[in-house]
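Peer 1: Can you look at this prediction? I've put the sequence above it.
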Amino acid sequence: MLLLALALPAVLFPGGDTQDDFQGPTTFHVNQITSFANSTWAQYQGSGWLGDLQLQRWDSGSETAVFLKSWSKGNLSDEVISGLDVLFQVYFIGFISEVQELASEFEVEYPFEIQGIAGCELHSGDATLSFLKGALGGLDFLTITNHSCLPAPEGGTRAQMFCIFISQYKAICDIIDKLLIEICPQYLLSILEAGKTDLQKQVKPEAWLSQGPSPGPGCLQLVCHVSGFHPKPVWVMWMRAEQEQPETQRGDILPNADDTWYLQVTLDVAAEEAAGLSCRVKHSSLGGQDIVLHWGQPMSIGWIILAIILPCLMVLVCFAVWLFRRWSYENIL
């Protein structure tokens, strides 16, 4: 495992290419969640993320990495991917075995769960920030950075003991540094280049208003829906004229099936105060032309005229067709 990890940089990125034209900072990270039911049984999950976009997941059944985007392999060859699969297979087996052996020594009671996140962040000017953090039962446990293990205050003496323990394994610390400081940034640059078309696409949002469940007697819940936009950053706010309404409640930005996003923003108001409110949407795809939807806005004169004339025209057309058919029938007779 150690030899394979140390040999990977030359295989993955033989030229050591760099790229300066990305929009940063941009982060790639790997998540790991391992649940230990007892001293003999454990299960694990792994996934890779570019920001908040999932690119890979680890299939524990086949013990292989599944790439969720056509470009999420970056410049990795099938041969290198097979080698990475073997590396992670050995890692997961070794990690679970070591934790089970050390659980009693560090006085960890079953069942428990270990969470980990490791990755790198690119900034303009070729600056790189790498990180590795571990948590035990949802509480921060340690951070490994710059060849050092830093125990988290939440981890108590147990985290301090573990940092002393892990510092004895210099080869493992060297591999962590190589993966995070050398391999991760270069892989990140390769997927940014391979996925440039998808990552830089601009999709305009659609927005509409609705009324939610009443928050109380004489009150209304105004709901502004924004959907179908990409990229994810968006600004949505209930307004009165040009004044932002601080009581605006913003929900989570949720994914749509087509890799766009959805957001719901609400405002609770007294019914008599709803008039004059509007929902404003700002997004990079709109080119500075904000979407503004007014609550209870009356129909314009043009729409009213169209609503009256259109049915009349349809009736006249139908009447003309009836007369024509009647005239034709009388002529045949």
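Peer 2: Perfect, thanks for sending it. Fair warning: this is a prediction, and the values are worked out from it, not measured in the lab.
Peer 1: tell me which element residue 47 falls in.
Peer 2: Using DSSP states H and E, residue 47 sits in strand 42-50.
Peer 1: For the stretch 51-200 of the chain, which segments count as strands?
Peer 2: With DSSP state E, counting those that start in this stretch as the criterion, the stretch 51-200 of the chain has strands at 53-59, 64-67, 112-123, 127-136, 139-145, 148-151.
Peer 1: got the CA positions of the first one in PDB?
Peer 2: Extracted as PDB, the C-alpha positions of strand 53-59 are listed here (Å, rounded to 0.1, in the frame of the first residue of the first chain):
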ATOM      1  CA  LEU A  53     -21.100  18.400  -6.600                       C
ATOM      2  CA  GLN A  54     -20.600  14.700  -6.100                       C
ATOM      3  CA  LEU A  55     -18.200  13.200  -8.600                       C
ATOM      4  CA  GLN A  56     -17.600   9.700  -7.100                       C
ATOM      5  CA  ARG A  57     -18.900   7.200  -4.700                       C
ATOM      6  CA  TRP A  58     -17.300   4.100  -3.300                       C
ATOM      7  CA  ASP A  59     -19.300   0.900  -4.000                       C
END
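Peer 1: That one packs against which elements?
Peer 2: In terms of contacts (3 or more CB pairs under 8 Å, 6 or more residues apart in numbering; DSSP states H and E), strand 53-59 is packed against strand 42-50, strand 64-67. Yep, even glycine has a C-beta here, placed from its N, CA and C like the rest.
Peer 1: how about those strands, which one is nearest residue 172?
Peer 2: Proximity to residue 172 (CB to CB) singles out strand 42-50 among those, at 18.2 Å.
Peer 1: what's the distance between residue 103 and residue 265?
Peer 2: Distance from residue 103 to residue 265, counting by CB to CB, to the nearest Å: 46 Å.
Peer 1: higher neighbour count, those two?
Peer 2: Using other CB atoms under 10 Å as the criterion, residue 103 and residue 265 rank with residue 265 on top: 22 against 16.
Peer 1: Check which helices and strands whichever strand or helix holds that one sits against.
Peer 2: For residue 265, the element it lies in under DSSP H and E is strand 261-270. Applying 3+ CB pairs under 8 Å, 6+ apart, one finds that strand 261-270 contacts strand 219-229, strand 235-240, strand 249-250, strand 254-255, strand 277-282.
Peer 1: And these: which comes nearest residue 195?
Peer 2: Residue 195 lies closest to strand 254-255 among the helices and strands packed on strand 261-270, at 16.4 Å (CB to CB).
Peer 1: Kindly spell out which helices and strands sit in contact with that closest one.
Peer 2: Using 3+ CB pairs under 8 Å, 6+ apart, the elements in contact with strand 254-255 are strand 261-270.
Peer 1: Can you give me the buried ones in the strand it packs on?
Peer 2: 261-267, 269 (16 or more other CB atoms under 10 Å).
Peer 1: List the beta-bridge partners for residue 244.
Peer 2: Beta-bridge pairing for residue 244 (DSSP bridges): residue 239.
Peer 1: and the strand holding residue 265, which strands flank it?
Peer 2: Checking strand 261-270 against DSSP bridges gives partners strand 219-229 (antiparallel), strand 249-250 (antiparallel), strand 254-255 (antiparallel).
Peer 1: can you pull the pLDDT of the residue nearest the centre of the chain?
Peer 2: When CA atoms, centre = their mean is applied to the chain, the residue found nearest the centroid is residue 52 (2.5 Å). At residue 52, the predicted lDDT confidence score is 88.
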